[in-house]
Structure formats: C-alpha cells, structure tokens
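1. Any chance you can model this:
(chains A, B, C and D)
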Number of protein chains: 2
Amino acid sequence: MLQAPLILQEHSRCADCPIRHRAVCAYCEPAELVKLDAIKSYKTYKAGETIAWAGEPMDVIGSVVSGVATLSRTLADGRRQMVGLLLPSDFIGRPCRPAVAFDVVAASDVTICRFNAPEFEKLVRATPALERRLLDMTLDELDAARDWMLLLGRKTAREKIASLMAILARRDANLTQQTVADGILFSLPLTREAMADYLGLTIETVSRQISALKKAGIIILEDSRHVRVPDFVALLDEAGDDSDGGMVS
Amino acid sequence: MLQAPLILQEHSRCADCPIRHRAVCAYCEPAELVKLDAIKSYKTYKAGETIAWAGEPMDVIGSVVSGVATLSRTLADGRRQMVGLLLPSDFIGRPCRPAVAFDVVAASDVTICRFNAPEFEKLVRATPALERRLLDMTLDELDAARDWMLLLGRKTAREKIASLMAILARRDANLTQQTVADGILFSLPLTREAMADYLGLTIETVSRQISALKKAGIIILEDSRHVRVPDFVALLDEAGDDSDGGMVS
DNA sequence: CCGAAACTTTGATCTCGATCAAGGCGCAAC
DNA sequence: GTTGCGCCTTGATCGAGATCAAAGTTTCGG
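-> Residues are numbered from 1 along each chain as shown, chains lettered A, B, ... in the order given. Next up, the predicted model:
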C-alpha cells in the first residue's frame, strides 16, 4: 500500500520543489533541507528528448517537478519496453550507482530538479535518515515493478488498459486533491505509443481497447487525451485486481 | 552487472550460513556477524509449502540456504505470475516493512536461515553499513525486476525460455565455480508449471519451446530436469538481449 | 486559410501462443 | 505385478492481439 503522497505544506521552503518532499524530505531534518537546497538546480527537457542513456555515467539524480518521464529499454530489433513511469514528485536516479540502468526519456516537456550527484551521495552517506528514506522508496519501486510484472505476464489487453487508467486517475486525483463528484477527470500524459510500450502492446490494440472501454461506458473520452471515469469501482473491476488497482512507486 | 557472489572463505564462522555472506556480511564488521549469529535459526519447508502469504505480518527475514523459493501473486481467477526467484544465497523479506507483499512459496524443499525480525530491524537501524548494504541489494532486485519486465512484455516464448536457461546456467556456474569444458551442465530447479508462471506462458508452450531449443541444438536435455549448454553464446543469442542475459538479483 | 506531419482510429487478415485433448513416463503404495 | 498420481510431451484447433493497410483528426508553421 502506497503511503499517501506528502503534500507541500510541511516546510514552507519546499514550495518551489515538490519533489524534495515526497522523495527526500519526509524523514529528514530541516538542516538537510538547507544542504539539499545548496546543491540543486532545475533543468527542462523537450518532449521526446533523451535525458540519459542506459550505461552512461550516473549524473541524473533528482526528481520530476512537472511533466512525465519514462524509463525504458530497447531490444536490438527495436522492440521497446517501458519499465517505469516518472510522474511529478517521483525520484529519478539510483543513489550510489555508477551508471544509469535504463534509458530515461521525456514523454512530455519535463522539468527536473537535479542534485549535484557526488555531493548528494556524500550527503546520503552522512545522513542515515536520508539513506533509510531511499531504501524505503526503493522498496516501493520494487513492489510497483513486481505488480507491473503481473500485469505484463498475465493480464489481457483490456485489463492492462483499465489498470493503467486506474493508476493515472489515482495519481491525478492525489495531485489535485479532487473529490469524486460526477466522476474523476484526468489527463493522459502519454501518447498511444508510450502506453503501448508501457503495457507490452501495440498502438492499435491500445486504441481499440480504449474504444471498447468507452463503448462499455467505463470511461468517457473528453478528447483523446482527457478521460472521465464515472464509476471508479467499475474501472477497478475491469482492471482485474482484487486489490487496489496497482501503484506507481 | 551483478557483482560476483562472494564465496565463503572470508570469515570462517560463516561456513554454515552462505547467506550472510552475500546478503549481509559483505560490508559489515565482524562484530555484526556475532550479533546476527545470535538471532538466527534455520527452518526447512517442503516443496509446494507456502512460506508466507501476501498481506501477512512480516516475520520472514533471512536467506535461502538450499533449494528454491518463489515470489508470486495470483489473480482472483487463478492466473498466477511469479515475480521473483529465490535461489541459494538470495535474501528474503523486506526490511522494516510491516507486511509481506507477495506469496512466498517453496518450489523445492527449501532451507532458510531466518533472523528474528524485530531484532534484525533493530540491528539494521543501528548499523549504517547494514542499511547501505540492504539498499544496494534492493537496487539490484529492482534492476532484475525491470529486466524481467522487458522479457514479459516484449520477448517471444522462445526468447523467454532461452533467457531463463541463461540465468539458471549462470547462477549454477557461479555456485559451483564450474568452468566451461564440454559445455555448462546445470539443473532446472523448477517444474514446467513454475517456469510457465515465471515467464508468463503456459506449461505446454514451455515444453514445446524447450523441445524446439533441443532440436535446434542450443541445449541438450540429459533428462527433463538437467540441461547441458554446449555453446553459451548461442544460448544468449536466442535470448535476444544484446547485453549479458539478465540477472536474478 | 493551406499543407504537412504527427497522432489516432478503424478494418482485414495473419500468427503465435492458449486451449483442449490424449498419451507417455517415473515413482510410490498396495 | 497393477493402480494411481504427478509431471511432461505432443497433436489439433482456437482466438487474442499483432501486422498490414487506409483514412480521420489535431497541431502547427506558413
């Protein structure tokens, strides 16, 4: 079970960097916040731009401030699988590892709050609370990855689409603190191709299954990138989990 | 890249517990070994026995000494996906988490070296080196899980089987320190059903693809549970990775 | 406004792996 | 021995999703 995302009010100085809250600040002392402040900078990437290639030296450590980034790997013949979706407040980078393990690509325009890598690692080493927090986050990501393995290995195309919608709806609702009135409204921050790469499908199948869910009344397409879910429980039912619809780290 | 498993010679007192080496001892002081010694016990499970159910309170923390255990999740209608394979020297359990996240099942008779959970966690909290080691291990598992996502989402049945064979061959070779003479010989510690659950296939497809690889000369079946690989590179080629064939944590 | 490019949808057909079905093998109990 | 039970293999058929193909929609620069 994901702990509820921590919203910004706790430390006023975090207002400009949502990330530090969820990813780093949760268990750390105000003193560490100041130290993190000193080594951070912002960078914006255009949609489609590659932020880091697998195998490169690790210099991307930070978090997503806005937009969507993806982690993926591509086989020699071009088949691609996305292995992680990085939404605002998600942490990027593997602390204390020399190289990037998967390609990091901007799915939309993305702004990232970056920490100077060597200094960040030095700070981590010196701060047990930070290290503990990183372990905690990594365990969350591991659980999410394993939930996704169940989806990739055993769910039908329709269940895959419903699961993805449920995750995005939940994330969006958390971010906007929106209550469920005439249904949840959220945006699809991914192209059909990106969804296909995430779900282990083709774009045609993604499109067809979205149409099918629309026809069944489970979702309503405001336009091709905005979805309304009148009955979230019905959506979860389509997703096939008995549990809570899966989580992104 | 997996670091070479640490073999036993480093501390003589570890001789009876291979686990502590790979999972815990690598970075810790001899003093911590003594403390771990004090809270460990062994337990053996029969093949097929469930070691822990998802959702149960976490009291299984330790490592596999011999045999094979699996992590899996099952959908309401019975579809099952294995999300982790726990071979000798692999760590079991999520430090400092209240509940088990996936079913832990013995695939063969399994002996586990268990640590008293509360005391283990206390020791972790008090020992930054241990905590760092756990973070490191968790990152390895995360990478392995994501590699597996690529397999589940995008590889063909034949590539899946070849990938699994490559992983098992590598693990076995590492354990036995065996050199490649007339090929690598290793045992399949899994039933066809377990392989199917791991690869997102059915048992019939697993059986057929193993037969196909046999017919193609990529593998030689000594019997249904023992495989010889005359040319490991040819096997990797069938597995479809450009990289190193994938790793189990 | 037009035109081009990127993205999306829909249709027709094909194929890989699932499903259904039968039989073989190894082993333990009787 | 025979019976029964797990486990594995092989064959025949089916179907979900891939592939091939075409057309509709949105966006953006001119």
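2. Alpha carbons of stretch A:88-100, as PDB, please.
-> Output in PDB follows, covering the C-alpha atoms of stretch A:88-100 (Å, rounded to 0.1, in the frame of the first residue of the first chain):
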ATOM      1  CA  PRO A  88       5.700  14.700 -10.800                       C
ATOM      2  CA  SER A  89       7.200  14.100  -7.400                       C
ATOM      3  CA  ASP A  90       8.900  10.800  -8.400                       C
ATOM      4  CA  PHE A  91      12.500  10.300  -7.700                       C
ATOM      5  CA  ILE A  92      15.000   9.800 -10.600                       C
ATOM      6  CA  GLY A  93      18.300   8.100 -10.300                       C
ATOM      7  CA  ARG A  94      19.900   5.300  -8.400                       C
ATOM      8  CA  PRO A  95      21.800   6.600  -5.400                       C
ATOM      9  CA  CYS A  96      25.400   5.500  -5.200                       C
ATOM     10  CA  ARG A  97      25.400   3.600  -8.500                       C
ATOM     11  CA  PRO A  98      28.000   4.500 -11.100                       C
ATOM     12  CA  ALA A  99      25.800   4.000 -14.300                       C
ATOM     13  CA  VAL A 100      22.300   4.600 -15.500                       C
END
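3. How far off centre is that stretch?
-> What separates the centre of stretch A:88-100 from the centre of its chain is 13 Å, taken as C-alpha atoms, centre = their mean, to the nearest Å.
4. For chain B, tell me whether that stretch is touching it.
-> Yes. Stretch A:88-100 is in contact with chain B by C-beta under 8 Å from any C-beta of the partner chain, via A:Arg94, A:Pro95, A:Cys96, A:Arg97. C-beta coordinates here come from the backbone N, C-alpha and C atoms, glycine included.
5. what helix or strand does the residue in chain A that DNA strand D sits nearest to sit in?
-> Closest to DNA strand D within chain A is A:Thr205: 3.1 Å, counting by C-beta to the nearest atom of the strand. Per DSSP states H and E: A:Thr205 is located in helix A:203-215.
6. Can you name every helix or strand that that helix contacts?
-> helix A:157-176, helix A:192-199, strand A:220-223 (3 or more C-beta pairs under 8 Å, 6 or more residues apart in numbering or on different chains; DSSP states H and E).
7. do that again at 6 Å, thanks
-> helix A:157-176, helix A:192-199 (3 or more C-beta pairs under 6 Å, 6 or more residues apart in numbering or on different chains; DSSP states H and E).
8. Redo those as a markdown table? Include distance to A:Val124 and mean neighbour count.
-> Putting the helices and strands packed on helix A:203-215 into a markdown table (distance: least, C-beta to C-beta, whole Å; neighbours: other C-beta atoms under 10 Å in any protein chain shown) gives the following:
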| stretch | distance to A:Val124 | mean neighbour count |
| --- | --- | --- |
| helix A:157-176 | 26 | 21 |
| helix A:192-199 | 30 | 22 |
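9. Lowest mean pLDDT across the ones you listed, which one is that?
-> Mean pLDDT across the helices and strands packed on helix A:203-215 is lowest at helix A:157-176; the value there is a mean of 87.
10. how about that helix, does it reach DNA strand C?
-> No. Figure legend: helix A:157-176 not in contact with DNA strand C (C-beta under 7 Å from any atom of the strand); closest approach 10.6 Å.
11. Show me how far that helix is from its chain's centre.
-> With C-alpha atoms, centre = their mean, you get 11 Å for helix A:157-176.
12. who are the neighbours of it, in terms of helices and strands?
-> strand A:184-187, helix A:203-215, helix A:232-239.
13. Show the average pLDDT along the first one.
-> pLDDT averaged over strand A:184-187 equals 90, rounded to a whole number.
14. just stretch A:132-141 next, same as before
-> 88.
15. same deal with stretch A:94-104?
-> 91.
16. coming back round to it: can you name the residues that contact the residue of chain A closest to DNA strand D?
-> A:Ala157 (C-beta atoms under 6 Å, 6 or more residues apart in numbering or on different chains).
17. Quick check: the gap between it and A:Glu193.
-> 12 Å (C-beta to C-beta, to the nearest Å).
18. Kindly report the same for A:Ala117.
-> In terms of C-beta to C-beta, A:Ala117 sits 31 Å off from A:Glu193.
19. could the residues of stretch A:88-100 next to chain B go into CSV alongside distance to DNA strand D?
-> Below are the residues of stretch A:88-100 next to chain B laid out as CSV (distance: C-beta to the nearest atom of the strand, whole Å):
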residue, distance to DNA strand D
A:Arg94, 29
A:Pro95, 35
A:Cys96, 37
A:Arg97, 32
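20. Any part of the helix holding A:Thr205 near DNA strand C?
-> Yes. Applying C-beta under 7 Å from any atom of the strand, one finds helix A:203-215 touching DNA strand C at A:Ile203, A:Glu204, A:Val206, A:Ser207, A:Arg208, A:Ile210, A:Ser211.
21. Just the buried ones from those?
-> The neighbour count (16 or more other C-beta atoms under 10 Å in any protein chain shown) marks A:Val206, A:Ser207, A:Ile210 as buried among those.
22. isn't the first one right up against A:Arg192?
-> So that's A:Val206. Yes. Counting by C-beta atoms under 6 Å, A:Arg192 is a contact partner of A:Val206 at 5.0 Å.
23. ok and the lengthiest helix in chain A relative to helix B:192-199, angle-wise?
-> With secondary structure taken from DSSP state H, chain A has its longest helix at helix A:128-154. Computed by axes from the mean of the first three to the mean of the last three C-alpha atoms, to 10 degrees, the angle separating helix A:128-154 from helix B:192-199 equals 120 degrees.
24. now helix A:128-154, how far from the centre of its chain.
-> That offset, for helix A:128-154, works out to 12 Å (C-alpha atoms, centre = their mean).
25. buried ones in that helix?
-> A:128, A:130-154.
26. what does stretch A:46-59 give?
-> A:Ile51, A:Ala52, A:Met58.
27. Nearest residue to the first one in space, please, no chain neighbours.
-> Spatial nearest neighbour of A:Ile51, chain neighbours left out: A:Val104 (4.2 Å); criterion: C-beta to C-beta, 6 or more residues apart in numbering or on different chains.
28. Now for that neighbour: which residues touch it?
-> A:Ile51, A:Ala52, A:Ala69, A:Leu71.
29. Can you tell me the SS state at it?
-> Using DSSP: H, G, I helix; E, B strand; the rest coil, the structure places A:Val104 in strand.
30. Show me what it bridges to in the sheet.
-> Taking DSSP bridges as the rule, A:Val104 bridges to A:Ala52, A:Leu71.
31. how far away is it from B:Leu221?
-> From A:Val104 to B:Leu221 the distance is 41 Å (C-beta to C-beta).
32. And A:Ala106, by the same measure?
-> A:Ala106 is 47 Å from B:Leu221, by C-beta to C-beta.
33. Could you do A:Lys122 as well?
-> With C-beta to C-beta as the criterion, A:Lys122 and B:Leu221 are 53 Å apart.
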